[in-house]
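> got a structure for you, letters missing:
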């Protein structure tokens, strides 16, 4: 998924390693229960084994750092889902959603930090909204292509349907990862796939229309 964050030129040696170390250290602190708002740059730098000046050579501030972590979460999820094509069918879609759920479990601490910061920071809120919107745009385009091919009913509203299955689906994944049993991940992914498939992509045509 394209990112709205600035692109960085790849470096060799310690600079690139330092950036990765800072990202990994932050995620590690979050996994261990740290509150992102209360995390200081000094604490992050110490955990990463770098100087504070090194932190600021790679990130403008903590929000910039969190957007990088958020981008990795959404990019991983989007790469999995966008590899699916309607011709693959509902079972492959369930497999894709199971992989997405696993990505969210791996990055659950980051997703919590995103929700925490987005509650009071407009930059983070707008960033996350745009990340989700890009996935929504892809879904709308696929639904419209399926309509043009006659496989999705013409009476379906792609924009409204996408709001339900993408925005609602992302929130459902967060809820499941937060409160659901990992043993139920496959069942959850299959129910989500069936909702997408029969609720939108292969919804029966309105016989009264």
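Cool, got the structure. Quick caveat, the model's predicted, so the values are computed rather than measured.

> alpha carbons only for contacts and neighbour counts from here, please
Will do.

> what mean pLDDT does the helix or strand where residue 129 lies have?
For residue 129, the host element (DSSP states H and E) is helix 122-148. Over the span of helix 122-148, the pLDDT mean works out to 96.

> check which residues of it are buried.
Within helix 122-148, the residues scored as buried using 16 or more other CA atoms under 10 Å are 124-125, 127-128, 131-136, 139-140, 142-144, 146-147.

> again with stretch 46-61
Applying 16+ other CA under 10 Å to stretch 46-61 flags 47, 48, 50, 55, 58, 59 as buried.

> which ones among those residues are found in helices?
47, 48, 55, 58 (DSSP state H).

> gap between the spatially most central residue of the chain and residue 133?
Centrality entry for the chain: nearest residue to the mean C-alpha point is residue 74, 3.0 Å, by CA atoms, centre = their mean. Computed as CA to CA, to the nearest Å, the residue 74 to residue 133 distance reads 11 Å.

> show me where this protein has helices.
14-31, 41-48, 52-58, 62-82, 89-106, 108-118, 122-148, 158-162, 168-179, 185-196.

> switch the ones you listed over to TSV; also include distance to residue 202.
As requested, those are exported to TSV (distance: least, CA to CA, whole Å):
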stretch	distance to residue 202
helix 14-31	39
helix 41-48	48
helix 52-58	46
helix 62-82	17
helix 89-106	10
helix 108-118	31
helix 122-148	9
helix 158-162	12
helix 168-179	17
helix 185-196	8
